[in-house]
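Engineer: After the sequence you'll find the predicted model.
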Amino acid sequence: MTVKTMTAAINEAIDQEMGRDDRVFVAGEDVRVGGPFGTEAGLHAKYGDKRIVNTAISELALTGIGVGAAAVGLRPIIEIMIMDFVSVAMDQIVNQMAKMKYMLGGQARLPIVVTTHAGIDSSSAAQHSGSLEAWFCHVPGLKVVMPSNAYDAKGLLTAAIQDDNPVIYISNKRCMQTSSEVPDESYALPLGVADVKRVGSDVTVVAIGRLVLDALTAAEELAKEGINLEVIDPRTLSPMDTTTIVKSVQKTNRAVVAHEAVRNCGIGAEIAATIADEAFDFLDAPVKRVGAPFTPVPFAPLLEKQYLPGAQDIVAAVRSLYH
Amino acid sequence: MTVKTMTAAINEAIDQEMGRDDRVFVAGEDVRVGGPFGTEAGLHAKYGDKRIVNTAISELALTGIGVGAAAVGLRPIIEIMIMDFVSVAMDQIVNQMAKMKYMLGGQARLPIVVTTHAGIDSSSAAQHSGSLEAWFCHVPGLKVVMPSNAYDAKGLLTAAIQDDNPVIYISNKRCMQTSSEVPDESYALPLGVADVKRVGSDVTVVAIGRLVLDALTAAEELAKEGINLEVIDPRTLSPMDTTTIVKSVQKTNRAVVAHEAVRNCGIGAEIAATIADEAFDFLDAPVKRVGAPFTPVPFAPLLEKQYLPGAQDIVAAVRSLYH
Amino acid sequence: MDLTNATMLRMFEQMTRIREFDERAALLMEQARVHGSVHLYCGEEAIAVGVCEALNQDDYITSTHRGHGHLIAKGGDVERMYAELFAKATGYNGGKGGSMHMAALDLGIIGANGIVAAGLPIGLGVAFASQYQENDRVTVCFFGDGATNEGAFHEAMNMASILKAPMVFVCENNGYGEWSKTESQTSVTDIADRAASYSMPGTIVDGMDIAAVHEAAIEAIARARSGGGPSLLECKTYRFYDHVGRDFGVLQRDPQEIARWRARDPIKLWREELIAQGVFDGKTADEITAAIAASMESAIARAEQAPDPTPEALYTDVYSETQV
Amino acid sequence: MDLTNATMLRMFEQMTRIREFDERAALLMEQARVHGSVHLYCGEEAIAVGVCEALNQDDYITSTHRGHGHLIAKGGDVERMYAELFAKATGYNGGKGGSMHMAALDLGIIGANGIVAAGLPIGLGVAFASQYQENDRVTVCFFGDGATNEGAFHEAMNMASILKAPMVFVCENNGYGEWSKTESQTSVTDIADRAASYSMPGTIVDGMDIAAVHEAAIEAIARARSGGGPSLLECKTYRFYDHVGRDFGVLQRDPQEIARWRARDPIKLWREELIAQGVFDGKTADEITAAIAASMESAIARAEQAPDPTPEALYTDVYSETQV
Ligand SMILES: Cc1ncc(C[n+]2csc(CCOP(=O)(O)OP(=O)(O)O)c2C)c(N)n1
Ligand SMILES: Cc1ncc(C[n+]2csc(CCOP(=O)(O)OP(=O)(O)O)c2C)c(N)n1
Ligand SMILES: [Mg+2]
Ligand SMILES: [Mg+2]
């Protein structure tokens, strides 16, 4: 057990899986120098050109390498630097990777992990700050994972690499430099299982990525007012562990959902709709959603700060349940 | 007033807007022979090569023609044959068209209509049957329109062409051959305004595209049981006229949302979450969602039929509100 | 090039098999007995057969929306193919894919594709895997002239060259993309010229001449297999029928154009060649054709009687339940 | 080519303006006074200036993530540019875009772009509009060598050729895409060779020699303007600094490589040329440079003092409220 950043934890998961299974390889732009966020640091020195594959700036071809290689037995990790860039790879992800098994009547097995980095960091502006997880949760055939901390990041990535399905693995950028205790040995955390990050009695906050940390901050603040939050991190967004979420709301009778993506048609809509349906008889107040306003991501730090949903928005949403 | 198919109504809207405003042009694959669904029939003969522009099978370039031409004063209609093919044009739609005005601090005005054809028809299988409207509703800067009938189709398309924003205009394929009375003269129906297709007192059904027709069928059937449906067609999915929807639910106290897309993270999630929030105090039962199961679209007609959400699913969802 | 009689005969049979398969597929579509869009390969048979005859069984192909010919040429079973068109549980895809998604991974057929040019990045991945796995398999990507205007073509060609991927890009230039002439969409007369953008050999071959296709394919495949990297083979050909089915009535093509190409029907040409070479006589050729036709009829009959997918099939194959 | 002294002088000034702008932008980034990623144009000035000097005021350009040079060369106001880097309301984009999205539509600058190669399809649309509107404007798309491996490059080039769009594709081949050498990503030695795939003229020019760039640009722009269609101009150049900022420390480039290119600094070369031609002497050149440097300092000072965007700015410019 060592304190590691989420970036280091991701790096360790890739490293250990590559060590365990020589069908695992990484392809992406500039992965040999460690990738844009350092998640592949040191891997090229260890595994060489064969298994750490730099590609051209060609995201369709890059993703196709994953689809084709997986179809014939490899276990690719495909890195799409920044989540906005999925926009040039959508066909291979959505029409090919996600649907191939089904269209082929089960012939294919596509163990691919697409890793990408989502959300805002230091004025990256509208084309480098996207949070598009909801798109992929709308696509049958894909699993979608989004950890909030180093421990989960490692265990979930290990599981994603070991999973026989295509997994979109999203690192929320503002989580990547956060640290926590992470076992040095390999471990897998099951996909599709939510984690209760804080046990509480009054309001269930379902939060994603960085907003999990914000929810925990909000919980501290609200505790002073005597409101006791239960904070749930779904970790896997598709398939979603709605059982854990609904059970929590049956206990707390109140819920807030929070993510960094814009609210409209975000994953929060799915979660809120599910809670409002399945926990209908238990709700004492409407399910409130926290998310970014319906605008592209602004460049100016001041506006960016204003844009970003955070602990105070969760606090406000929780308080609104009591009026 | 003449009875026209939705296809003919769309054709008429394009024709009349091209007649009115010579900045309007159509670009797409095989639009000169009338487009894959006949929506451009006769337009090439009338407007010539200049204004009916065939492109290569190059959806990024095609969409770029729209973005660039609009940025300098034209009013392009960009046809992406089949909605699944947006997957190769997403960058131009999402990162460029949708965000340009904002990123440029308001310098640009982008009056573009992207027309496309969504959903299932006669065994087109998993790569030609997509309903992806929710993706675009998650993107600030885009408007999203999806008519259910010929009259709305013409008026909404006219408005979309006249609108100074990028509009994704989606024809649900199974609506295109349906007919209704359509004025011969030009008219615009405001974007962002829902239409109550059937006034009722017991349950609000918010339905999209073809499911509007199915909801009306369901209403007939349920009327026999004494359940009186109010059927609302949002028509514009983004921005959504939540006022009309919420007001209806405040009256009926029950709601069902229905669309052809898969349920998870569909536009129905957004609508259901909004109703469950804003009409919380009025709801006598949970908001139920009707949508396709979480699988790619199957080829076999038998499976396709089983897959398609329809009137019976709405009936079942409504009945479930009474148990 | 020296071909054995057996090879020449098999090439004739395979082309005939494709022709007889698709002529009937067209009829079945018109009769609404099969479902979905059926893109006919008639006229282009020399390409699939000429290329696939040069492949090993464990080599790979990716295909297109116009994929029946590729499947048959790579060893696909026509009954399972018809069964797929009939949307039967016994079809290659269990009735869940249809014409545009037919695949047989155990035959190295990675699949038809409904998205123009999408097979190229996938083929790149398959070829990459052969390199990685250090086997000597070669991947052939078939695609149309129209596909060469998609970004996917460009990206895959470039990366294939960079990686020296063991693959061959086979362009079936049939002069049209849907209802538009190639020259109205494609800014180069010979697709083969696009190979230079990737420092790749590009060869033009008469796609109606199976011997020519076969010879060029042998060379390109040998290069790929021996580590010489990918190449582009442009086969000039013609679609005897419409984009979908036999006559969709959208575009009236010049009848003389059709006649000119019909006169160079690759099966007819090969039949004449084999007769000239004494491989068979006209009567034997007719008998072979008739036998294949009869086998198609019985395949159709059996396929049409096969069981439908069960309702549960709707929900399976979305996810693999396994993990390593 | 005969250039007037005034033109030669302006070209020197414009290159110097870009250099002085970006050297300071780098410092401001290191001091964390400006925000976001700043991709420096230093070393590549001859391209933007050589090309834009050949454009009319109402011509158009599209740019890249490395766009400061293009903006200045096309007439961009440095104070508004700095203001944008400072995220001020007075910036070109009101502080909402930053370095990677700077644009000035009234100057024909359609914008920098954060997505590699995305400017090409947009430029195609702009050029299409000029044809449609029957004006004689030309559109220049600037892009890097790495961008030529994106599908967007290919699709735009092909369609531009088909439409005979009045445009010029200018590739700034600086030998790197991020931290990878061009030859490791791009399967052709000379990007200009890719023009043949689109039946387009492709020219290689020394991107450190502004006279050469300018001459080639004049020819390509004249061709585009007169209906002769698009062409591709490859300018061989070098990025003096790292991919982002001056030294990100990711890739240690060969110091000799850097020195070799530094010796061919386009501004130094042009200065020597102008001294040789008697356009100015070294002292005058130094004074010009100093004056530009001073103007940058005051632009920075003013820009940094400009007002921040108001909180309401977050919500505006998402949609146009107007309609026709
Ligand atoms: C991305 C995408 N765009 C458009 C289509 C519609 N489409 C199907 S086949 C086809 C023409 C393909 O032409 P070509 O590649 O020459 O193949 P051919 O049909 O001539 O064999 C088109 C445009 C598609 N399936 N996918
Ligand atoms: C679609 C996309 N992929 C990747 C990136 C990340 N990226 C930004 S600049 C760059 C390198 C571009 O290289 P080149 O086109 O040669 O331009 P240069 O930076 O050398 O001027 C990359 C990979 C991006 N912005 N967009
Ligand atoms: Mg073709
Ligand atoms: Mg470069």
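Structural biologist: All right, it came through fine. No experiment lies behind these values; they were computed from the predicted model shown. Numbers count the residues shown, from 1 in each chain, chains lettered A, B, ... in the order given. Ligands and ions are numbered 1, 2, ... in the order given.
Engineer: and stretch C:303-322, what's its mean pLDDT?
Structural biologist: Averaging the model's pLDDT scores along stretch C:303-322 yields 96.
Engineer: Against A:I52, how distant is whichever residue of the stretch 151-300 of chain A sits closest to ligand 1?
Structural biologist: Of the residues in the stretch 151-300 of chain A, the one nearest ligand 1 is A:P166, at a distance of 20.2 Å by CB to the nearest ligand atom. From N, CA and C alone the C-beta is placed, and that goes for glycine too. In this structure, A:P166 and A:I52 are separated by 21 Å, where distance is defined by CB to CB, to the nearest Å.
Engineer: Between those two, which has more neighbouring residues?
Structural biologist: Neighbours per residue (other CB atoms under 10 Å in any protein chain shown) separate A:P166 from A:I52, with A:P166 holding more: 31 against 25.
Engineer: And residue 284, what's its pLDDT?
Structural biologist: Answering for chain A, as no chain was given. The per-residue pLDDT of A:D284 was computed as 98.
Engineer: meant chain C actually
Structural biologist: Per-residue pLDDT puts C:T284 at 97.
Engineer: what secondary structure does it sit in?
Structural biologist: helix (DSSP: H, G, I helix; E, B strand; the rest coil).
Engineer: residues near it, how many?
Structural biologist: Here the neighbour count serves as a burial measure; for C:T284 (other CB under 10 Å) it reads 13.
Engineer: show me what contacts it?
Structural biologist: By CB atoms under 8 Å, 6 or more residues apart in numbering or on different chains, the contact set of C:T284 is empty.
Engineer: Find the helix or strand that A:A45 is a member of.
Structural biologist: A:A45 belongs to helix A:43-51 when elements are defined using DSSP states H and E.
Engineer: Contacts (any at all) between chain D and the next helix or strand after that helix?
Structural biologist: Taking DSSP H and E as the definition, the helix or strand that follows helix A:43-51 towards the C-terminus is strand A:52-54. Yes. Strand A:52-54 reaches chain D (CB under 8 Å from any CB of the partner chain) through A:N54.
Engineer: what's the distance between the closest residue to A:I57 other than its chain neighbours and A:S58?
Structural biologist: Nearest residue to A:I57 in three dimensions, chain neighbours excluded: D:G146, at 4.6 Å (CB to CB, 6 or more residues apart in numbering or on different chains). The gap separating D:G146 from A:S58 is 9 Å, by CB to CB.
Engineer: more crowded one of those two?
Structural biologist: Under the neighbour definition other CB under 10 Å, D:G146 and A:S58 were set side by side, and A:S58 has more, 33 against 25.
Engineer: residues touching that one, list them.
Structural biologist: Neighbour list for A:S58: C:154-155, C:158-159, D:149-151 [criterion: CB under 8 Å, 6+ apart].
Engineer: Name the nearest of those residues relative to ligand 3.
Structural biologist: Among the contacts of A:S58, C:H154 lies closest to ligand 3 (CB to the ion), at 17.2 Å.
Engineer: what does the stretch 1-150 of chain C have sitting close to ligand 1?
Structural biologist: Proximity of the stretch 1-150 of chain C to ligand 1 is assessed by CB under 6 Å from any ligand atom, with C:65-66, C:114-116, C:144-147 identified as the residues in range.
Engineer: which element is the nearest residue to C:R137 once chain neighbours are set aside on?
Structural biologist: Closest residue to C:R137 apart from its sequence neighbours, by CB to CB, 6+ apart: C:S130 at 4.3 Å. Secondary structure from DSSP H and E places C:S130 in helix C:119-133.
Engineer: roughly how far out does whichever strand or helix holds A:K247 sit from the chain middle?
Structural biologist: Using DSSP H and E, A:K247 maps to helix A:242-252. Taking CA atoms, centre = their mean, to the nearest Å, one finds the center of helix A:242-252 at 21 Å from the center of the full chain.
Engineer: So which residues of chain A form strands?
Structural biologist: If you assign secondary structure with DSSP state E, the strands in chain A sit at A:2-5, A:24-28, A:52-54, A:75-82, A:113-118, A:143-145, A:167-172, A:179-182, A:195-198, A:203-207, A:229-233, A:236-238, A:255-262, A:288-292.
Engineer: Please identify which of the ones you listed is closest to ligand 4.
Structural biologist: The nearest among these, by CB to the ion, is strand A:52-54 at 14.5 Å.
Engineer: close to ligand 2, is the closest one?
Structural biologist: No. Counting by CB under 6 Å from any ligand atom, no contacts exist between strand A:52-54 and ligand 2, the nearest distance being 10.8 Å.
Engineer: Run through who's touching that strand.
Structural biologist: A:25-32, A:40, A:43-44, A:65, C:128, D:180, D:184-185.
Engineer: Much appreciated, bye for now.
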